[in-house]
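I need the structure of the sequence given here:
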Amino acid sequence: IVLRNIIDNAIKFTHEGGSITIAAHVHENQAELVIRDNGIGINKTALDTIFNSGRETRQKDTSGRMSTGLGLELCRIMTEKNEGELYIESEEGKGTTVRILFELVKN
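Predicted coordinates for the structure are as follows:
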């Protein structure tokens, strides 16, 4: 569900002809999924409030529809419930990178 939502966001916020890449890496005892797009990015105000529970973040996608940021908050909650970590880096006008990290073997 988390991966589907993040990919759906990448599609909604990337202009036609844009680029979305999905990669997986293993670093020692962690698996990392990286979803990167060259879309419209997330403005700084929205990015700062995405993970503040209960705070809506409004931003238009490439079709002009409003997004509230609730999907990304749910992704964070689901990732944390599975003992993972979710990181978002974004620059308005340049795109967004989402990293999901999970421990491979419990110590």
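
Please identify the helix or strand for residue 102.
strand 95-103 (DSSP states H and E).

How about residue 4?
Counting by DSSP H and E, residue 4 is part of helix 2-12.

Next, the angle from the strand holding residue 102 to helix 2-12.
Here the directions of strand 95-103 and helix 2-12 differ by 170 degrees (axes from the mean of the first three to the mean of the last three CA atoms, to 10 degrees).

end-to-end on stretch 11-30?
Stretch 11-30 has its terminal residues 27 Å apart, counting by CA to CA, to the nearest Å.

List the buried residues of that stretch.
Buried residues in stretch 11-30, counted by 16 or more other CB atoms under 10 Å: 12-14, 20. All C-beta atoms are positioned from the backbone trio N, CA, C, and that covers glycine.

Residue 2 touches residue 78, doesn't it?
Yes. Counting by CB atoms under 8 Å, residue 2 does reach residue 78; the two are 5.3 Å apart.

Tell me which of the two has more neighbours.
Counting neighbours by other CB atoms under 10 Å for residue 2 and for residue 78 shows that residue 2 has the greater number, 20 against 14.

how many neighbours does the closest residue to that one other than its chain neighbours have?
Among residues not flanking residue 2 along the chain, residue 75 sits closest, at 4.6 Å (CB to CB, 6 or more residues apart in numbering). When neighbours are defined as other CB under 10 Å, residue 75 has 23 of them.
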